[in-house]
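In: Show me the folded form of this:
(2 chains)
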Amino acid sequence: GENVEQHPSTLSVQEGDSAVIKCTYSDSASNYFPWYKQELGKRPQLIIDIRSNVGEKKDQRIAVTLNKTAKHFSLHITETQPEDSAVYFCAASHRDDKIIFGKGTRLHILP
Amino acid sequence: SAVISQKPSRDICQRGTSLTIQCQVDSQVTMMFWYRQQPGQSLTLIATANQGSEATYESGFVIDKFPISRPNLTFSTLTVSNMSPEDSSIYLCSVEGTSRGFGYTFGSGTRLTVV
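Out: Next comes the predicted model:
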């Protein structure tokens, strides 16, 4: 089955700087890669996703890149703000539609 | 986009008892997914529930412990049976469809504490 590795587990960046979270997946058949943000005590919220026919996708300060050959995908957050502090999960899914999550990255935005 | 109502939001249960969690979706969906999130951990898929067929369980999860019902295209239940303190966790259901027009959305979760 699919296995998703995520790193780092914890990341601290100065407000205004960029943050990058990286993930790898094991199943070459995976074709959908969402990213979720989870604030304390709340449900995970989808923030961006990418499909395997696209190499990069951007939405304001958030971007995701995908390297299918290497089975890597990454989340980039630019101009970080205090409200970006949360736990971020990458995930992968393939034809059976079930989503398998990475272990998460706790992002701290330092004032 | 799909809106999910999940209940109960939290419960404290005695070991050896069972708890049934309900998820109601405001639109018809083919698949519903049940996840467990232990404190400070990631989301682990328990099973996929399709209407009209047996749920498909992931490795490490069995039907006797986590029976699932899916009587129609908008509703599902997950039962946590014969509970022990190790079952203390947050349980979430998920379906395809979000306010962004793509991806999967989650219910608000059920925080279960077994004492």
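In: CA only for contacts and neighbour counts going forward, please
Out: Will do.
In: ok, for residue A:82, nearest residue in space, not its chain neighbours?
Out: The spatial neighbour of residue A:82 that comes closest, neighbours along the chain excluded (C-alpha to C-alpha, 6 or more residues apart in numbering or on different chains), is residue A:109 at 5.5 Å.
In: does that neighbour really touch residue A:13, like I thought?
Out: Yes - in this structure, residue A:109 sits in contact with residue A:13. The criterion is C-alpha atoms under 8 Å, and the distance is 5.3 Å.
In: who does the lowest-mean-pLDDT helix or strand in chain B touch, helix- and strand-wise?
Out: Lowest on mean pLDDT, DSSP states H and E among the helices and strands of chain B sits strand B:104-106, with a mean of 89. Judged by 3 or more C-alpha pairs under 8 Å, 6 or more residues apart in numbering or on different chains; DSSP states H and E, strand B:104-106 is in contact with strand A:45-51, strand B:89-96.
In: Run me through the strand neighbours of the longest one, direction for each.
Out: Going back to what we said before, that points to strand B:89-96. The strands that strand B:89-96 pairs with in its sheet are strand B:31-37 (antiparallel), strand B:104-106 (antiparallel), strand B:110-114 (antiparallel) (by DSSP bridges).
In: From the chain's centroid, how far away is the longest one?
Out: Put plainly, it is strand B:31-37. Strand B:31-37 sits 5 Å away from the centroid of its parent chain (C-alpha atoms, centre = their mean, to the nearest Å).
In: what comes into contact with the helix or strand that that strand is followed by?
Out: Once the chain leaves strand B:31-37, the next helix or strand it forms, by DSSP states H and E, is strand B:43-50. The contact list for strand B:43-50, computed with C-alpha atoms under 8 Å, 6 or more residues apart in numbering or on different chains, reads A:98-101, A:103, B:30-37, B:55-58, B:61, B:68-70, B:76.
In: repeat that with 7 Å
Out: Applying C-alpha atoms under 7 Å, 6 or more residues apart in numbering or on different chains, the external contacts of strand B:43-50 come out as A:101, B:30-37, B:55-58, B:61, B:70.
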